[in-house]
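Engineer: okay, structure incoming, though there's no sequence with it:
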């Protein structure tokens, strides 16, 4: 006999109250159109530099959101290794789920969160591979252990245990002699998000935050800046 569906009342606990009632009042200075650069990349670099100077943990960490072929969204943090007029660059395994998502649907969104400064930046656009030369150049700059790790890790695939990964690391450490440069794996490289929209968010008191959006105007090849309601 199937038991009837039962409605379970929420249990009030101290932990639940802490989540519900926690509030932080953002007392930071305001953000207006006159305060920001005309180009969003320049503004992003300004805020990144301020986050770095404020010793925010991992200021170049960005939450990357993608969509898989079935339409299911997925998000994870990546480290952005380049910001310039072309866009935002990060590196990964080309067989990883995020790469497979971007291969089937190039639309992507990224989010920088600098809580210590009560700031966040959203960026959206399309993703494309960087050139092999760019991938080679960045891979060569990585510590040797990270280079070996890129060969050893079948990223996101199921492992029997940590010992399996350790054995793979040992294998590739032996394959590449200590005095030999480690080549870039053929399935590892960079992606660049070519942005068409940014939003700069500055926390303000009473949740009346400042939000400025940059939209790329294709016709004029300029950026339009708009204030959004909090």
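Structural biologist: Structure received. All values derive from a computational prediction rather than experimental measurement.
Engineer: use CA for all of it now, contacts and neighbours both
Structural biologist: Noted.
Engineer: which elements pack onto the helix or strand of the chain with the lowest mean pLDDT?
Structural biologist: When each helix and strand of the chain is scored by mean pLDDT, DSSP states H and E, helix 14-21 comes last, with a mean of 71. Packed against helix 14-21, as judged by 3 or more C-alpha pairs under 8 Å, 6 or more residues apart in numbering; DSSP states H and E, are no other helices or strands.
Engineer: just checking, what packs against the very next helix or strand once past that helix?
Structural biologist: Sequence order places helix 40-53 as the next helix or strand after helix 14-21, per DSSP states H and E. Judged by 3+ C-alpha pairs under 8 Å, 6+ apart, helix 40-53 is in contact with strand 82-84.
Engineer: ok, back up a step: identify the residues contacting the least confident helix or strand of the chain?
Structural biologist: Contacts to helix 14-21, defined as C-alpha atoms under 8 Å, 6 or more residues apart in numbering, come from no residue at all.
Engineer: would you confirm that residue 148 contacts residue 171?
Structural biologist: No - in this structure, residue 148 is not within contact of residue 171 by C-alpha atoms under 8 Å, at 9.4 Å.
Engineer: middle-most residue in the protein, spatially?
Structural biologist: In the chain, the centroid-proximal residue (C-alpha atoms, centre = their mean) is residue 62; its distance is 2.5 Å.
Engineer: check the secondary structure at the closest residue to that one other than its chain neighbours for me.
Structural biologist: Take residue 62 and drop its neighbours on the chain: the residue closest to it by C-alpha to C-alpha, 6 or more residues apart in numbering is residue 112, 4.8 Å away. Here residue 112 is recorded as strand under DSSP: H, G, I helix; E, B strand; the rest coil.
Engineer: please tell me how far residue 112 sits from residue 218.
Structural biologist: Distance from residue 112 to residue 218, counting by C-alpha to C-alpha, to the nearest Å: 25 Å.
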